[in-house]
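**Q** what would the 3D arrangement of this be:
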Amino acid sequence: MKRKSYLLITMVLAATLLLTGCAGNSASSEDPLADGVLTAGTNDMYLPLEFRDENNELVGFDIDLGEALAEELGVEMKWVPTAWDGIFNGLNANQYDIVLSGTSITEDRLKGFNMTDPYLANGIVIVSRTDAAQAKTPKDLAGKTVGVQIETTADYAAEALKTQEGVEYTVSKFDAMLDAFAALEGKQIDNIMTDISVAQFYTTLKPEVYAVSSDVLSNEPIGITVRKADTAFNEQLNTALDALREKGKLTEISMKWFGEDVTQNIDTNLKVIE
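**A** Predicted coordinates for the structure are as follows:
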């Protein structure tokens with residue numbers, strides 16, 4: 001009897017805690033916007049999409065997009081800065097409603113999540129120092145050390161290309177791209193693989209140091225990630241993105257951060273290296 005009573009009490013307490021946790025969670029898979037807030041997980045060290053300025057304020061393409069999206073949806077915007085290697089687990093744990101963080105659309109990610117239609121064209125490129133040999137293809141990386149941000153599509157591509165191209169090089173994994181570019185400038189690594197939008201930002205910032213040396217190696221446009229169960233919410237986001245595109249807001253944000261419009265006529269045929 002004692003054992004059965006203890007088990008019963010334990011089960012009741014566990015159920016109570018579970019219900020309390022659910023009630024206190026702002027991200028509901030039934031209606032994520034029911035509380036009037038759009039909550040987004042973002043990795044705030046991915047220039048120029050999301051990063052901290054000199055006043056420690058969140059800025060970037062995705063930040064402007066998120067604010068415009070929330071306004072279109074008639075809700076407030078709330079950001080949850082999150083390390084990239086745990087960002088999708090946080091979404092599944094209902095810590096936020098969406099991941100808005102320069103996320104490439106891939107077949108693998110679509111198996112576990114919903115993703116909106118792409119809002120930004122994207123692909124992986126190789127970056128070299130201007131004072132070194134320019135790596136135009138993966139084969140030019142032989143014997144080199146290549147920096148990537150951990151658990152990004154560039155990370156997966158760098159590992160996969162060693163086998164696919166039959167070339168040996170070392171992949172050095174960083175928590176943030178700003179650390180990778182600092183290492184490239186400091187000659188601790190030889191090259192970088194990253195998204196073209198990121199590469200172009202850094203090469204524009206320091207054209208005397210960095211150069212995009214390869215063609216675009218993949219096609220992996222960027223979208224917003226939501227939980228697999230949130231199908232209706234995903235369509236709601238698509239409708240809002242379409243409205244922002246028609247109003248010219250996406251073009252305006254793109255011109256601000258990239259100096260060109262990379263939000264229109266996006267190639268949706270995925271070409272991911274993995």
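**Q** make it CA atoms for all contacts and neighbour counts henceforth
**A** Fine.
**Q** quick one: the strands in the stretch 151-274 of the chain?
**A** With DSSP state E, counting those that start in this stretch as the criterion, the stretch 151-274 of the chain has strands at 170-174, 191-195, 210-212, 222-227.
**Q** same question for the longest one, mean pLDDT?
**A** With pLDDT averaged residue by residue, strand 222-227 scores 98.
**Q** cool, the second one as well?
**A** Strand 191-195 shows a mean pLDDT of 98 in the predicted model.
**Q** which elements pack onto it?
**A** The elements that strand 191-195 packs onto, with contact taken as 3 or more CA pairs under 8 Å, 6 or more residues apart in numbering; DSSP states H and E, are strand 124-129, strand 145-149, helix 153-164, helix 177-185.
**Q** hey, which of those is tucked in deepest?
**A** Comparing these on average neighbours per residue, with mean count of other CA atoms under 10 Å, the densest one is strand 124-129 at a mean of 27.
**Q** next, the angle strand 191-195 makes with it.
**A** 140 degrees (axes from the mean of the first three to the mean of the last three CA atoms, to 10 degrees).
**Q** what angle do strand 124-129 and helix 177-185 make?
**A** Computed by the same axes, to 10 degrees, the angle between strand 124-129 and helix 177-185 is 40 degrees.
**Q** contact partners of strand 124-129?
**A** The set of residues that contact strand 124-129 without belonging to it, under CA atoms under 8 Å, 6 or more residues apart in numbering, is 134-137, 154, 184-185, 190-196, 199, 209-219.
**Q** that one: partners in the sheet, and parallel or antiparallel?
**A** Strand 124-129 pairs in its sheet with strand 191-195 (antiparallel), strand 210-212 (antiparallel), by DSSP bridges.
**Q** how about CSV for those strands, with mean neighbour count added?
**A** Formatted as CSV, the strands paired with strand 124-129 follow (neighbours: other CA atoms under 10 Å):
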stretch, mean neighbour count
strand 191-195, 28
strand 210-212, 24
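**Q** stretch 181-190: how far from the chain's middle?
**A** The chain centroid and the centroid of stretch 181-190 are separated by 23 Å under CA atoms, centre = their mean, to the nearest Å.
**Q** ok, stretch 183-196 next?
**A** 19 Å.
**Q** and if you look at stretch 51-70?
**A** Here the centre of stretch 51-70 is set off from its chain's centre by 14 Å, with CA atoms, centre = their mean.
**Q** quote the end-to-end distance of that stretch.
**A** 19 Å (CA to CA, to the nearest Å).
**Q** equivalent analysis for stretch 124-137, please.
**A** Terminal-residue distance, stretch 124-137 (CA to CA): 12 Å.
**Q** which of the three states applies to Ala70?
**A** Ala70 falls in the helix class when you classify it by DSSP: H, G, I helix; E, B strand; the rest coil.
**Q** quick check: it vs Met77, distance?
**A** 6 Å.
**Q** joint contacts of these two?
**A** Common neighbours of Ala70 and Met77 (CA under 8 Å, 6+ apart) are 37-38.
**Q** which regions of this structure lie under the pLDDT threshold?
**A** 1-29 (pLDDT under 70).
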